[in-house]
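1. fold the stuff below for me.
(one chain, ligands or ions: 1)
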Amino acid sequence: QNSMALAAAAERVAAEFEYSAQDVNRGVQEFMREMDEGLGKQGATMSQIPTYVTAVPNGTEKGLYMAVDLGGTNFRVCSIQLHGNSTFSLTQSKVKIPQELMVAKTSKELFAFLAKQIETFLKTHHNDHYVNHVEKRRRKGSLFEGTHDEEVFHLGFTFSFPVQQSGINKGTLIRWTKGFDIKDTIGKDVCALLQKEIDALDLPVKVAALVNDTVGTLMARSYTSPGKTGTLLGAIFGTGTNGAYVEKLARVTKLKKVGAGKQDVDDSTGEMIINTEWGSFDNHLSVLPNTPYDKSLDAESNNPGIQMFEKRVSGMFLGEILRRALVGLIKDPSVPLFSDEHSNQNDVHSTTNIHDNSPLWSQWALDTSFLSIASADNTAGLKNTRQTLDSDYGVSAPSAEDAEAVRLIASAVGKRAARLSAVAIAAVILSTGKLQHPTDIATTNNATLEVNEDEVVDVGVDGSLVEFYPNFEEFIREALREVEGIGKEGERRVRIGIAKDGSGVGAALIALVADRAM
Ligand code: ADP
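-> Here you go, the predicted model:
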């Protein structure tokens with residue numbers, strides 16, 4: 001009797017997370033509308049930021065490039081040798097940013113430190129290159145006169161803070177986040193700041209590109225993907241979610257309005273990569289699902305009304321959605337979730353097996369990796385889920401019925417996230433018309449028939465959620481098949497592959513294409 005009440009309650013909650021085929025299609029339509037809107041004006045819900053990167057690699061690119069990544073606690077320096085056959089070798093070093101530099105008085109203190117790390121890296125890993133450069137410079141007496149261009153490392157600078165970009169290696173800092181606070185940097189071009197300190201050390205390095213990590217993911221995938229068609233979309237499903245895709249330059253009508261001069265835009269390919277910033281898709285909630293758990297999560301977050309898509313899709317939030325759903329059941333006296341079997345009292349609430357200091361009681365304390373554990377659990381009596389609840393979440397001796405209820409709801413939250421992810425992917429595929437090209441859809445009923453290489457639409461993905469949540473890709477595919485204009489035939493042409501290391505090889509590739517466009 002008790003266990004039936006629990007199962008029924010869990011099914012009721014899981015049903016709140018259903019996102020139907022009709023919902024998916026409405027979502028796709030609205031997503032396409034917001035993509036268009038963002039291409040036309042600044043300040044739209046979806047930012048659709050022009051990146052000034054106008055080509056994706058096809059795997060044949062060669063050369064030695066550098067990349068640096070300033071994104072939070074660490075500064076990463078690497079060099080990447082592109083072999084020209086979709087493979088590369090990467091050498092890297094990593095150093096923690098000293099706390100006092102994160103809040104330094106002047107930008108110079110921080111950027112001089114970064115340049116110093118680049119110098120150390122060069123001396124350690126590319127000493128020949130470095131010595132050659134210094135020697136030549138000494139003979140000619142000037143930095144660039146004696147240096148052939150091929151001796152200068154082109155560097156991609158991944159800078160994961162809000163910037164207003166106005167050229168491929170030009171962008172001013174809007175504000176610091178993640179614990180950084182150097183007043184003097186706001187409004188300055190961060191590439192120029194880094195270049196100045198590199199030059200002060202006479203290093204053979206040119207900051208060739210300012211890189212967003214999502215764009216890096218797209219580039220890394222395009223270089224390493226098996227086909228030669230080029231990747232359409234790079235998408236991240238990790239702590240946050242975002243996507244960058246290849247757009248027709250002519251459709252980026254707001255370019256004129258963002259202060260980009262003609263010299264800043266390379267129009268030779270007729271394309272430009274757009275950083276969608278889709279985490280803020282549908283902030284006004286016209287199509288996104290909005291359960292009581294989504295509502296309270298948002299209301300009690302530090303940025304209510306913002307990043308509404310991200311709050312339903314990404315790793316930072318899914319655990320918290322599940323936690324709120326579980327707490328809702330725990331607090332319901334008619335539902336015997338985690339109730340003490342050894343007690344016969346009727347008041348379930350007072351006889352729970354949850355410790356007072358259980359993470360289930362505190363905001364953000366349920367990690368999204370738990371959704372993966374529960375959803376994947378096929379052990380007898382859901383032993384894995386029960387053990388994790390016991391060891392990590394302060395629930396002593398949960399029953400198999402408890403674990404089943406948790407698994408049902410966790411799976412519903414995860415599946416909804418995947419179906420919402422499909423909305424974004426489908427909208428990009430449809431709005432770029434990629435399924436119409438290059439050959440018109442050669443429909444076939446033969447499900448086993450191989451898709452022609454030139455009919456493939458390639459999508460690169462990265463992030464723990466898509467990598468580790470069980471069947472995330474399969475749930476995305478299921479939803480893609482339900483989308484009008486994609487269907488079974490279209491879905492088979494979509495190739496989804498993991499793209500690793502966007503801020504390393506991806507950034508190097510952006511430095512490479514930037515160099516070619518100049
Ligand atoms: P980032 O996006 O910060 O570069 P990740 O791609 O590793 O890093 O994403 C981290 C996020 O993924 C965190 O929110 C974490 O809760 C979640 N996560 C970590 N492991 C898993 C897992 N096994 N299944 C689902 N989500 C996970």
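
2. residue numbers of the stretch 351-500 of the chain in contact with the ligand?
-> Within the stretch 351-500 of the chain, the residues that sit near the ligand (CB under 6 Å from any ligand atom) are 367-369, 371-372, 463-465, 468-469. For glycine as for every other residue, the C-beta is placed from the backbone atoms N, C-alpha and C.

3. try it again at 8 Å.
-> Selection of the stretch 351-500 of the chain residues close to the ligand by CB under 8 Å from any ligand atom yields 367-369, 371-373, 462-465, 467-469.

4. surely Gln164 is in a helix?
-> No - if the criterion is DSSP: H, G, I helix; E, B strand; the rest coil, then Gln164 is strand and not within a helix.

5. verify the stated contact: it with Gly171.
-> Yes - in terms of CB atoms under 8 Å, Gln164 counts as a neighbour of Gly171; the distance is 6.3 Å.

6. closest residue of the chain to the ligand?
-> Gly238 (2.2 Å; CB to the nearest ligand atom).

7. burial count for that residue?
-> Neighbours of Gly238 under the rule other CB atoms under 10 Å: 18.

8. PyMOL command for the buried members of the residues of the stretch 351-500 of the chain next to the ligand?
-> Of those, the buried ones can be selected in PyMOL as follows, counting by 16 or more other CB atoms under 10 Å:
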select buried, resi 367+368+369+371+372+373+462+463+465+469
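
9. ranges for the strands of this protein?
-> For the chain, strands defined by DSSP state E occupy the ranges 49-50, 62-70, 74-83, 88-96, 153-159, 163-167, 170-173, 205-211, 231-237, 241-248, 271-275, 457-462, 494-498.

10. sheet partners, orientation included, of the second one?
-> Read that as strand 62-70. strand 74-83 (antiparallel), strand 153-159 (parallel) (DSSP bridges).

11. hey, which of those is tucked in deepest?
-> Ranked by mean neighbour count, the strands paired with strand 62-70 are led by strand 153-159 with a mean of 26 (mean count of other CB atoms under 10 Å).

12. quick one: that strand near the ligand?
-> No - using CB under 8 Å from any ligand atom, strand 153-159 never reaches the ligand; the gap is at least 11.7 Å.

13. list of residues touching that strand?
-> Here strand 153-159 makes contact (CB atoms under 8 Å, 6 or more residues apart in numbering) with 64-71, 79, 118, 122, 126, 129, 169, 171, 190-191, 194, 204-213, 216, 502-503, 506-512, 514-515.

14. any low-confidence regions in the stretch 51-200 of the chain?
-> 137-150 (pLDDT under 70).

15. quick one, helices of it?
-> Secondary structure of the stretch 51-200 of the chain (DSSP state H, counting those that start in this stretch): helices located at 99-102, 107-125, 127-140, 190-200.

16. which strands or helices does the shortest one pack on?
-> Helices and strands touching helix 99-102, as assessed by 3 or more CB pairs under 8 Å, 6 or more residues apart in numbering; DSSP states H and E, comprise helix 107-125.

17. any idea how this protein splits into domains?
-> 2-20+284-415, 59-211 (automatic domain parsing).

18. okay if I get the ones you listed as JSON lines plus distance to Gly40?
-> Formatted as JSON lines, the domains of the chain follow (distance: least, CB to CB, whole Å):
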{"stretch": "domain 2-20+284-415", "distance to Gly40": "18"}
{"stretch": "domain 59-211", "distance to Gly40": "18"}
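
19. hang on, the earlier thing: which one of the strands of the chain lies closest to Ala405?
-> Closest to Ala405 of those is strand 231-237 (CB to CB; 25.9 Å).

20. gap between that closest one and the chain center?
-> 8 Å (CA atoms, centre = their mean, to the nearest Å).

21. quick one: the closest residue to Val513 other than its chain neighbours from Lys331, how far?
-> Nearest residue to Val513, sequence neighbours excluded (CB to CB, 6 or more residues apart in numbering): Ala55, at 4.9 Å. Here Ala55 is placed at a distance of 55 Å from Lys331 (CB to CB, to the nearest Å).

22. tell me which of those two has more neighbours.
-> Set Ala55 next to Lys331 and count neighbours by other CB under 10 Å: Ala55 wins out with 22 against 12.

23. would you confirm that Asp377 contacts Arg407?
-> Yes - counting by CB under 8 Å, Asp377 touches Arg407, with 6.0 Å between them.

24. okay, and the common contacts of those two?
-> Counting by CB under 8 Å, 6+ apart, the residues touching both Asp377 and Arg407 are Thr385.

25. buried subset of the contacts of strand 153-159 as a PyMOL selection?
-> PyMOL command restricting the contacts of strand 153-159 to the buried ones, with burial defined by 16+ other CB under 10 Å:
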select buried, resi 65+66+67+68+69+70+79+118+122+126+129+169+171+190+191+194+204+205+206+207+208+209+210+211+212+213+216+502+503+506+507+508+509+510+511+512+514+515
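
26. filter the contacts of strand 153-159 down to the ones near the ligand?
-> Within those, those near the ligand by CB under 8 Å from any ligand atom are Asp213.

27. for the residue nearest to Val513, what are phi and psi?
-> Phi and psi for Ala55, reported as degrees, to the nearest 10, are phi -160, psi 150.

28. for Pro304, same thing?
-> phi -60, psi 140.

29. show me the shaky parts of the chain.
-> For the chain (pLDDT under 70), the answer is 1, 137-150, 257-263, 341-351, 437-450, 517-518.

30. please tell me how far the residue nearest in space to the middle of it sits from Glu467.
-> Nearest to the geometric centre of the chain sits Ile236, at 2.5 Å (CA atoms, centre = their mean). From Ile236 across to Glu467, the span is 11 Å (CB to CB).
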